[in-house]
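Q: Predicted model and sequence below, questions to follow.
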Amino acid sequence: MTQTSVRDALAARQVSRREFLKFCSTVAAALMLPSTAAGKIAMQLESPKRTPLIWLEFQDCAGNSEAFLRASRPTAAEIILDILSIDYQETIMAAAGYRAEEAKKKTIDAGGYLLVVEGSIPTGEDGAFCCIGGRSAVDILAEAAANAVAVIAIGSCAAFGGLPKASPNPTSAKSVMELVKDKPVLNLPGCPCNAVNLTATVVHFLTFGTLPEMDVQHRPLFAYGARIHDNCPRRGHFDASEFVLTWGDAGHRAGWCLYKMGCKGPVTFHNCPAVGYNDNTSWPIKAGHGCIGCSEDNFWDFGLYNTANLQKFAPPTAYAPVQPQVETIAPTNAALLGGLAGLAIGAAGAAAITQLSKKDQPVESSQVTSDDLK
């Protein structure tokens, strides 16, 4: 294991001390830690000890690897490669074939490494759907997880099974968490995962020796603790019942809410509004397309343009109605107004007031369709 500290490696790249401390502060903020934590992060990253890492790929598109390599502020490829000793990563490693497998085996035998897994694991036909070096993905994962200190499932396929597990799941694909039971597993879902969240997770582990606090789906709370809807820049239009009804209509051009176009933001937990993608250049809703819920389990089976059932995920009081309310009148006031109206305009006016006083008929949330909400 190399003994060059992260600080030394950054200095060789002409990264100033000020820039290094700024990075530590940025990571502390991403992890929702107090500003004082930046000093502890800096101290740990200046230590010459570097933790080895093995990154496996199974049923995936390498989208998470590619997103990671294209990250910036700071460049994740530089920071993570300097923080860790990446001993095996198929997309970026120079070695191939037997040499690559030998390097991985040496790290596994030594133990004490972080294991990152990208892609789902096929279990059908004895694992024949995904073999590397003549071995099944199930076998490779079990071997690599044995001596790991922690496992990070990166991307929706590794975290929840993703596209390969979508109905009818022909390869009997499973998530990492379904197969690894004796090690701490953290899920970083997303299609792809945002490299900012990976960087923050790794730095948290190196600084505190533990994985970040997680929700019931083993997602770190700093990144998946709030609904996209809660921080969406279009939320005001949702509350005002201003919805896009057709791609390119006036509401779409004005930046109105995309809920009726199938946006899953109200039922998806992710920090996309805060960190964005590609150096926070943009993210789907900012670009004019609804969230597809890629950080949620089974999102491929949600239906891209199906309207999310809000009351299934939150009580009715959590959201404003998606239809304008019809004004109602209290019975006592209605009686008084009815009498005055009878004196003023006769029976016809009283009948109109009586009609107004009828309460709205509630609609069962399970019966709400996209047509009902238009």
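A: All right, it came through fine. Numbering: from 1, shown residues only.

Q: mind listing what the residue nearest to G251 when sequence neighbours are not counted touches?
A: Nearest non-adjacent residue to G251, counting by C-beta to C-beta, 6 or more residues apart in numbering: V244, 4.6 Å away. The C-beta positions use only the backbone N, C-alpha and C, and glycine is treated the same way. By C-beta atoms under 8 Å, 6 or more residues apart in numbering, the residues touching V244 are 251-252, 256-258, 260-261.

Q: let's see 10 Å
A: 234, 237, 250-261, 263, 288, 290 (C-beta atoms under 10 Å, 6 or more residues apart in numbering).

Q: if I look at it, how far off is G63?
A: 27 Å (C-beta to C-beta, to the nearest Å).

Q: Tell me where the model's unsure across the chain.
A: 1-13, 45-49, 73-83, 312-374 (pLDDT under 70).

Q: mind running it again at 50?
A: 1-2, 325-329, 333-374 (pLDDT under 50).

Q: Do you have the strands of it handy? List them.
A: All strands of the chain, identified by DSSP state E, fall at 51-57, 84-89, 113-118, 121-122, 131-132, 135-136, 148-154, 173-174, 185-188.

Q: my guess is T199 contacts F68, does it?
A: Yes. Counting by C-beta atoms under 10 Å, F68 is a contact partner of T199 at 8.6 Å.

Q: Mind checking which of these two has more residues around it?
A: F68 (25 against 22; other C-beta atoms under 10 Å).

Q: Would you confirm that the more buried one contacts P192?
A: Yes. F68 lies in contact with P192 (C-beta under 10 Å); the separation is 8.1 Å.

Q: Give me the common contacts of those two.
A: 62, 118, 154, 198.

Q: Output these as JSON lines; include the columns neighbour count.
A: Listed next are the shared contacts of F68 and P192 as JSON lines, based on neighbours: other C-beta atoms under 10 Å:
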{"residue": "A62", "neighbour count": "16"}
{"residue": "E118", "neighbour count": "30"}
{"residue": "I154", "neighbour count": "31"}
{"residue": "L198", "neighbour count": "24"}
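
Q: Of the residues you listed, just say which sits nearest to L206.
A: L198 (12.7 Å; C-beta to C-beta).

Q: domain ranges for this structure?
A: Residue ranges for the domains of the chain, per automatic domain parsing: 49-224, 228-322, 326-374.

Q: Please work out which of those is packed deepest.
A: Mean neighbour counts were taken over the domains of the chain using mean count of other C-beta atoms under 10 Å, and the top value, a mean of 19, falls to domain 49-224.

Q: and it, how far from the chain's centre?
A: In terms of C-alpha atoms, centre = their mean, to the nearest Å, the centre of domain 49-224 is found 16 Å from the chain centre.

Q: cool, and stretch 209-226?
A: Distance, centroid of stretch 209-226 to centroid of chain: 11 Å (C-alpha atoms, centre = their mean).

Q: likewise stretch 41-57?
A: With C-alpha atoms, centre = their mean, you get 24 Å for stretch 41-57.

Q: Between the two ends of it, what distance do you get?
A: When the termini of stretch 41-57 are compared using C-alpha to C-alpha, to the nearest Å, they are 29 Å apart.

Q: just stretch 198-217 next, same as before
A: One end of stretch 198-217 sits 17 Å from the other (C-alpha to C-alpha).

Q: And for stretch 217-236?
A: The first residue of stretch 217-236 is 29 Å away from its last residue (C-alpha to C-alpha).

Q: next one: stretch 295-305
A: 16 Å.

Q: Also stretch 52-69?
A: Stretch 52-69 has an end-to-end distance of 18 Å (C-alpha to C-alpha).

Q: Out of the shared contacts of F68 and P192, flag the one nearest to E296.
A: I154 (15.9 Å).

Q: Tell me what that closest one is bridged to.
A: E118, L188 (DSSP bridges).

Q: What segments of the stretch 151-300 of the chain are helices?
A: 156-160, 162-165, 176-179, 195-208, 221-224, 228-231, 235-239, 250-253, 272-275 (DSSP state H, counting those that start in this stretch).

Q: Ok, which of those comes nearest A30?
A: That would be helix 195-208 among these, by C-beta to C-beta, at 4.3 Å.

Q: Which residue, other than its chain neighbours, is closest to N231?
A: Closest to N231 by C-beta to C-beta, 6+ apart is P273, at 4.1 Å.

Q: S282 is in contact with the one you found, correct?
A: No. Using C-beta under 10 Å, P273 is not in contact with S282; the gap is 11.2 Å.

Q: Ok, which of the strands of the chain comes nearest F160?
A: Taking these one by one with C-beta to C-beta, strand 185-188 is closest: 7.3 Å.

Q: Could you name the helices and strands sitting against that closest one?
A: Counting contacts by 3 or more C-beta pairs under 10 Å, 6 or more residues apart in numbering; DSSP states H and E, strand 185-188 packs against strand 113-118, strand 148-154, helix 156-160, helix 176-179, helix 195-208, helix 221-224.
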